[in-house]
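Asker: Just to be clear, the model below is a prediction. Sequence and coordinates:
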Amino acid sequence: MDVPVDVVVWRAPGPASFPEAAARYAELRSSPLGAFEPSVAAFVRELRRTSPDPSSPVSWDEALTVGVDAVIVHVVWPGQRQVLDLVALLAARHGLVCFEPARQVAMS
């Protein structure tokens, strides 16, 4: 069974380095929730229209921590690589940075 991982998605002016992404992840983990930034809202809407695992009792609503301008996606499903790939694809489509702390990978 896969160990749950987080992937963080946010709007940034350009590609993020690992130290920048790691600092932003730490900031988001401790920040209060708030209203959506428009490109983050579009990302969340599109993500919610997909199905990570139709047989799972876990929904996107339970797997998303939404901040003012960012989202932490808690990937808790088996076959998490496909879910991570989907999140990265949708983040890129909406011009967002995608950071996977467990692998220390930042994608823009």
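Answerer: That came through, no problem.
Asker: any idea how far the lengthiest helix in the chain is from the chain center?
Answerer: Across the chain, the longest stretch assigned as helix under DSSP state H is helix 80-93. Remark: helix 80-93 is offset 8 Å from the chain centroid, using CA atoms, centre = their mean, to the nearest Å.
Asker: Give the other helices and strands that the very next helix or strand once past it contacts.
Answerer: Later in the chain than helix 80-93, the nearest helix or strand by DSSP states H and E is strand 96-100. With contacts defined as 3 or more CB pairs under 8 Å, 6 or more residues apart in numbering; DSSP states H and E, strand 96-100 has these neighbours: strand 5-11, helix 18-29, helix 38-48, helix 80-93, strand 105-107. C-betas here are computed from N, CA, C, even on glycine.
Asker: redo that, cut-off 6 Å
Answerer: strand 5-11 (3 or more CB pairs under 6 Å, 6 or more residues apart in numbering; DSSP states H and E).
Asker: Now do the longest helix of the chain: which elements does it pack against?
Answerer: With contacts taken as 3+ CB pairs under 6 Å, 6+ apart, helix 80-93 sits against strand 5-11, helix 38-48, strand 70-75.
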